[in-house]
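Colleague: What would the 3D arrangement of this be:
(chains A and B)
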Number of protein chains: 2
Amino acid sequence: MSIAIDIERLMARLERLGQIGALPGGGVKRLALSPEDAEGRALVMRWMCDLGLEITTDVIGNCWGIRAGEEDGPPVLMGSHIDTVATGGLYDGSLGVLAGLEVIEALNAADARTRRPVAVAFFTNEEGARFAPDMMGSGVAQGALPLEEMLEVEGIDGVRLRDALAAIDAAGPAPVGALKPHSYLELHIEQGPVLETEELQIGVVTGVQGISWTEITVTGASAHAGTTPMALRHDAGAVAARIAVEAQQIAADHGPPQVATVGRLRVSPDLVNVVPQEAVMTVDLRHTDEATLQKAETRLWRAAQDFARTGGCAITRRTLARFEPVEFDPALVDSVEAAAHARGLGHRRMPSGAGHDAQMFAPNCPSAMIFVPSQDGVSHNIHEYTAPSDIAGGAQVLMDVVCQQAELQDAPEFQTTETGQLP
Amino acid sequence: MSIAIDIERLMARLERLGQIGALPGGGVKRLALSPEDAEGRALVMRWMCDLGLEITTDVIGNCWGIRAGEEDGPPVLMGSHIDTVATGGLYDGSLGVLAGLEVIEALNAADARTRRPVAVAFFTNEEGARFAPDMMGSGVAQGALPLEEMLEVEGIDGVRLRDALAAIDAAGPAPVGALKPHSYLELHIEQGPVLETEELQIGVVTGVQGISWTEITVTGASAHAGTTPMALRHDAGAVAARIAVEAQQIAADHGPPQVATVGRLRVSPDLVNVVPQEAVMTVDLRHTDEATLQKAETRLWRAAQDFARTGGCAITRRTLARFEPVEFDPALVDSVEAAAHARGLGHRRMPSGAGHDAQMFAPNCPSAMIFVPSQDGVSHNIHEYTAPSDIAGGAQVLMDVVCQQAELQDAPEFQTTETGQLP
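Modeller: Numbers count the residues shown, from 1 in each chain, chains lettered A, B, ... in the order given. Prediction:
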């Protein structure tokens, strides 16, 4: 048996929430714990109330609403975030929360009963755009980040998280650890071009890539570009260029899902006729497999040291960020894939290249994610867009997997022979 | 027969001129046609007067003093410049002018007679630090640059050259073309590390390298460093890095005197987790041989276009500067070499990597240059330094070649059997 989501209801909520913090040129700005975030939280909590959910807010402002099941116990949780970056879109985060509301509204409309409770949550400060690190609320809730330390974090505007929470009265009484779901499901936009390029509707997310961010500083000596023979140079820029090419080569040799990016690269003194004395660059390496990621890191650094040695330069590195890969629950991932297949939606397994709240739940309960296509692969951008038909597909897969996880009971109007799970 | 220069007299003049525009932390700032330049010009002209020279100033402020020969006719000219960059040293330019004064003072002191006149000159705005282009005064004097156009050039401070000349009353009545030397000799610091590295005292300069400056702009598309697979990227930074490595490879394949420098390299948006959408870089290629320089340019641009194509990026280029190589007069170069050899000074033939006034004279009369070592290869820097013993060697070679070119006559106190050139 199955229950259909209502795409028009879901799109109306996405548009309504997108009006809060809407930017003049399009897109939205709802930084974590800002007045706009407060308004968004209030709206989503009112919608939770309207659906008859039992609402709980914890000490860092995570908020969840539970629809009772036939039995007590941990809920099947859908969630994501409603904060955005400074020039964000309508879909990143909000989709996962509002699709969760739609799943519950559709269950309500069908008068459906589930064995387990079903819940929907939004987590504080997933973006990390105002307060670092990102995924803060879910990280605190799931024990990956220490609450007291996070409360003291100072935002880009100099406001402490503790005070920002108080300013909009976002914190509630529930302690860390109060949120213990049976399983966790997050619908999210892909934020990349893969699904669109392959003309697929559903990304079956198998995990989150491990991330390694390294800043490398090459120090040589500035010299006259005309009067200094090549053999007497200490060209920091030339060494940096070789490192950048090596990063590309590592990605080529490892093949997908290895990615490598030199996003920052500055040479000084940055003059046309002066051999660069210093180059500072960043290398962003990501892979789903920790051992392979370490292999990439090791190869890059060995090569970088070689290039510096042969180029007569000194070299240092500094780790800016390092996260191990996260693997989602294989059975739950299978369920997502089966649901997409059953709905006739084109799908593929893929890792997430970006971090998500789901990875904070993965160590504690079966967790998985569902991706829908991002037009032109664009996200964190006012031009972020996903077609309603794609959103409908993703929300329906979410519904189908939630019904399975929560054990949907035969409802009067949905007789079926597909399952024998009668109470 | 030979006449010795007096190194103490020369060093005293270098130090005295270096006090004009002296910077608090060392070094000197005497931008072209500035009040400091005016004071420097006045001092050098007074020294010319003291030596009994016949002084001429032309319409762009070039100034020369002639010591009469036994016959009339074009003089053997020694010259360089006394303007400096904003943070210059005591030697760049000034050495060539003041060594010329010393040669003449030594000739005077020896009561020596030469068949041809001997002259010393300083040229306006060699550095190009206030008014572009560089080598302006000598270029105008030798017909390579149009006077009227140069007079309208606006300096970095917004002052036109014409007004800057008037402000310090630097221009004289002599027209363009008034300075027609028999031959031209310029003593200059190397401004590079070759002589010091090879523990040599004299650089026998064979010519000036051709210079090719190109700005290359690579345009790709910014993308998320985590969610965008390598195959779907348009990474402008990665393409730029490959171009920079290719520039190095061209220099390695061509061997000396080919040099290649990527002095400027900027990526945007320059964020650790964003694939660069644009990269702007400069490539400085130099070679003494025009055909080889063109080969380097062609190879680099072909490779750059290939890298852009395979990297899914657009690419454009813009020429920032292009000068063909200059070859000095082979016989005069031989004379410099022979003089260094005769004095027992360690020497080598080498091209000049930087531009000099001498290259403006090369098309019109036999011209050559003499280099002396630069400590640490440093120039255009307050730490610019050349040891007095090296300066003495260079000035003596200058003296010896001038005596040969001007045809030193037997003086009463310098009987010799080395030459039969009696009047």
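Colleague: could you pull out the strands for the stretch 251-400 of chain A?
Modeller: A:259-261, A:265-268, A:274-275, A:278-287, A:314-323, A:326-327, A:347-352, A:367-372 (DSSP state E, counting those that start in this stretch).
Colleague: looking at these, which is closest to B:Ala339?
Modeller: B:Ala339 sits nearest to strand A:274-275 of all these, at 32.6 Å, using CB to CB. No exception for glycine: its C-beta is placed from N, CA and C like everyone else's.
Colleague: so what does the closest one touch, helix or strand wise?
Modeller: strand A:223-224 (3 or more CB pairs under 8 Å, 6 or more residues apart in numbering or on different chains; DSSP states H and E).
Colleague: Now do the strand it packs on: which elements does it pack against?
Modeller: Looks like strand A:223-224 contacts strand A:274-275 (3+ CB pairs under 8 Å, 6+ apart).
Colleague: Adjacent strands (with direction) for the strand it packs on?
Modeller: If you go by DSSP bridges, strand A:274-275 pairs up with strand A:223-224 (antiparallel).
Colleague: Could you give the average pLDDT over the strand it pairs with?
Modeller: Averaging pLDDT along strand A:223-224 yields 90.
Colleague: Need the strands of the stretch 251-400 of chain A in TSV (columns: mean pLDDT and mean neighbour count).
Modeller: Output for the strands of the stretch 251-400 of chain A, formatted as TSV (pLDDT from 0 to 100; neighbours: other CB atoms under 10 Å in any protein chain shown):
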stretch	mean pLDDT	mean neighbour count
strand A:259-261	97	28
strand A:265-268	96	22
strand A:274-275	92	24
strand A:278-287	97	24
strand A:314-323	93	14
strand A:326-327	96	20
strand A:347-352	97	21
strand A:367-372	98	28
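Colleague: residue contacts, the most centrally placed residue in chain A?
Modeller: Residue closest to the mean C-alpha point of chain A, counted by CA atoms, centre = their mean, is A:His356 at 2.7 Å. Contact analysis of A:His356 by CB atoms under 8 Å, 6 or more residues apart in numbering or on different chains lists A:80, A:126, A:135, A:186, A:188, A:208, A:369.
Colleague: where's the closest residue to the fifth one other than its chain neighbours, which helix or strand?
Modeller: Across the structure, with CB to CB, 6 or more residues apart in numbering or on different chains as the measure, the residue nearest A:His188 apart from its sequence neighbours is A:Gly96 (5.3 Å). Counting by DSSP states H and E, the secondary-structure element that holds A:Gly96 is helix A:94-109.
Colleague: Name the residues of that helix that are buried.
Modeller: A:94-107 (16 or more other CB atoms under 10 Å in any protein chain shown).
Colleague: the inter-axis angle of it versus strand A:367-372?
Modeller: Computed with axes from the mean of the first three to the mean of the last three CA atoms, to 10 degrees, the direction of helix A:94-109 lies at 100 degrees from that of strand A:367-372.
Colleague: So which elements touch the next helix or strand after helix A:94-109?
Modeller: Using DSSP H and E, the next helix or strand after helix A:94-109 towards the C-terminus is strand A:113-114. If contacts are counted by 3+ CB pairs under 8 Å, 6+ apart, strand A:113-114 sits against strand A:408-409.
Colleague: pLDDT of the strand it packs on, averaged?
Modeller: For strand A:408-409, the per-residue pLDDT averages 96.
Colleague: so what strands line up beside it?
Modeller: According to DSSP bridges, strand A:408-409 forms sheet pairs with strand A:113-114 (antiparallel).
Colleague: before we move on, back to that, which other helices and strands contact the helix holding A:Gly96?
Modeller: If contacts are counted by 3+ CB pairs under 8 Å, 6+ apart, helix A:94-109 sits against helix A:7-18, helix A:35-50, strand A:63-67, strand A:76-80, strand A:118-122, strand A:183-189, helix A:388-406.
Colleague: What's the end-to-end length of stretch A:197-204?
Modeller: Using CA to CA, to the nearest Å, the end-to-end distance of stretch A:197-204 comes to 16 Å.
Colleague: Got the domain ranges for chain A?
Modeller: With domains defined by automatic domain parsing, chain A comprises A:7-208+A:326-409, A:210-319.
Colleague: Near chain B, which residues of the stretch 251-400 of chain A are found?
Modeller: Where the stretch 251-400 of chain A comes near chain B, counting by CB under 8 Å from any CB of the partner chain, the residues are A:251-252, A:256-267, A:270-276, A:282, A:284, A:286, A:320, A:352-354, A:377, A:379-380.
Colleague: now with 7 Å?
Modeller: Contact residues, the stretch 251-400 of chain A versus chain B (CB under 7 Å from any CB of the partner chain): A:251, A:256, A:259, A:261-265, A:267, A:270-276, A:282, A:284, A:286, A:320, A:353-354, A:377, A:379.
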